[in-house]
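Student: Dropping a prediction and its sequence here:
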Amino acid sequence: MESQKNIFYTCAKHSAKPQAKYLTWDPSRFIGNYVKMCFQEPGTGKKEHLWIRITSIKDKGTLFGIVNNDPVLKLEVKDGDPVEVSIDKIESFFDGVKQE
């Protein structure tokens, strides 16, 4: 699990937001790489942004991946869980070298 010292909080105004530029990318570019997406804690509305390693394409607008973080909040997902990722919800992209 990641050190709690590496975790910080941001207000809604300054937190990461989905980026429309990813809708213009060929979906195959995501496979084997990481994307960041927001998850909401049930019952509280608190949000946490997690990295997901993309493993395959479902269709042009949807990817499959594996959660690659230990959430701090009580989310419905945890590290290692499979998830669907809607490309219009991607906030950031990381290829192992450069974050975009």
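Tutor: Great, that's in hand.
Student: remind me which residues of this protein are low pLDDT?
Tutor: Along the chain, segments meeting pLDDT under 70 span 1-10.
Student: Have a look at it and report its longest strand.
Tutor: Criterion DSSP state E: the longest strand present in the chain is strand 47-59.
Student: Please compute how far that one lies from its chain's middle.
Tutor: The gap between the average C-alpha position of strand 47-59 and the chain average comes to 5 Å, counting by C-alpha atoms, centre = their mean, to the nearest Å.
Student: List the neighbouring strands of it plus their orientation.
Tutor: strand 34-40 (antiparallel), strand 62-67 (antiparallel) (DSSP bridges).
Student: Select, out of those, the one closest to Ala20.
Tutor: The closest of the strands paired with strand 47-59 to Ala20 is strand 34-40. By C-beta to C-beta, the value is 14.1 Å. Bear in mind the C-beta positions are built from the backbone N, C-alpha and C, glycine included.
Student: list the buried ones in the closest one?
Tutor: Across strand 34-40, burial judged by 16 or more other C-beta atoms under 10 Å covers Tyr34, Val35, Lys36, Met37, Phe39.
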